[in-house]
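Enquirer: Only the shape, not the letters, is given here:
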């Protein structure tokens, strides 16, 4: 048996466990098409890819009474989200694919943050209820989103609220030092094929820069 090629060795060295979270209810949506582009690129680069299809899996976004009661207890009750929690905890890289609705997350994705990014999973409480302590080992995060609004409203009027929440509030608390990037396709109600192709190329380029270093 011959020695593996340098390309195979490099792919193995830089391979990561990647979690791709998709949050769109329609199977033929642009978001799902973009998610497939991301998965294909990651797999071609030799990464181990797990897909978290929130709608397809019937994920319940509502924080339960038991979960809330245990939020500041000795241990958070993650029994209802054990699978989702394990996949997040194991991930070295994360791709979020979702539509931006009313300049925020879809309810199902917000619920995934509420229920899965929880104490003992994504962070630990400090003893005096001060700043929380990050637990996630994420090295790379790419957010891919579509918006009906033009870029200038999202950027100039609202100052990119989803980007700021992800970068500062969520990742800043639970995965400090992570390399974060966000790609937004604005005016995406009926985008020209050429615009979608260029956006797909941006996704491939962003993921192509990932490594385990």
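Expert: Ah, there it is. Keep in mind it's a predicted model, so treat the numbers as computed, not measured.

Enquirer: Grab the nearest non-local neighbour of residue 189.
Expert: With Cβ to Cβ, 6 or more residues apart in numbering as the criterion, residue 189 has its nearest non-adjacent residue at 5.1 Å, and that residue is residue 148. Glycine gets a C-beta too; all of them are placed from N, C-alpha and C.

Enquirer: same question, residue 146
Expert: Distances taken as Cβ to Cβ, 6+ apart put residue 188 closest to residue 146, at 4.0 Å, once the chain neighbours are dropped.

Enquirer: Phi, psi for the one you found please.
Expert: phi -100, psi 20 (degrees, to the nearest 10).

Enquirer: Residue 96 now?
Expert: phi -110, psi 130.

Enquirer: To what extent is it buried, counted in neighbours?
Expert: Using other Cβ atoms under 10 Å, residue 96 has 24 neighbouring residues.

Enquirer: surely it meets residue 140?
Expert: No. The pair residue 96 / residue 140 is not scored as a contact, 11.7 Å apart, by Cβ atoms under 8 Å.

Enquirer: Looks like the residue nearest to residue 189 contacts residue 190 (just checking).
Expert: No. Residue 148 lies out of contact with residue 190 (Cβ under 8 Å); the separation is 9.8 Å.

Enquirer: which one of these two has more residues nearby?
Expert: residue 148 (13 against 7).

Enquirer: Could you measure from that one over to residue 46?
Expert: 36 Å (Cβ to Cβ, to the nearest Å).

Enquirer: tell me what the host helix or strand of residue 201 is packed against?
Expert: Taking DSSP states H and E as the definition, one finds residue 201 inside helix 193-208. Counting contacts by 3 or more Cβ pairs under 8 Å, 6 or more residues apart in numbering; DSSP states H and E, helix 193-208 packs against helix 30-44, strand 140-146, strand 179-185.

Enquirer: can you tell me which residues contact residue 41?
Expert: 203-204, 207-208 (Cβ atoms under 8 Å, 6 or more residues apart in numbering).

Enquirer: Check the offset of stretch 137-144 from the chain's centre.
Expert: 6 Å (Cα atoms, centre = their mean, to the nearest Å).

Enquirer: Just the buried positions in it, please.
Expert: The neighbour-count check on stretch 137-144 (16 or more other Cβ atoms under 10 Å) flags 138-144 as buried.

Enquirer: quick revisit: return the most buried member of the helices and strands packed on helix 193-208.
Expert: Comparing those by mean neighbour count (mean count of other Cβ atoms under 10 Å), strand 140-146 comes out on top with a mean of 23.

Enquirer: how much space between residue 84 and residue 35?
Expert: Relative to residue 35, and taking Cβ to Cβ, residue 84 is found at 17 Å.

Enquirer: try residue 74
Expert: Residue 74 is 38 Å from residue 35, by Cβ to Cβ.

Enquirer: what's the answer for residue 96, then?
Expert: Taken as Cβ to Cβ, the span from residue 96 to residue 35 is 10 Å.

Enquirer: now swap in residue 141 and tell me
Expert: 15 Å.

Enquirer: Tell me both backbone torsions, phi and psi, for residue 53.
Expert: phi -90, psi 100.
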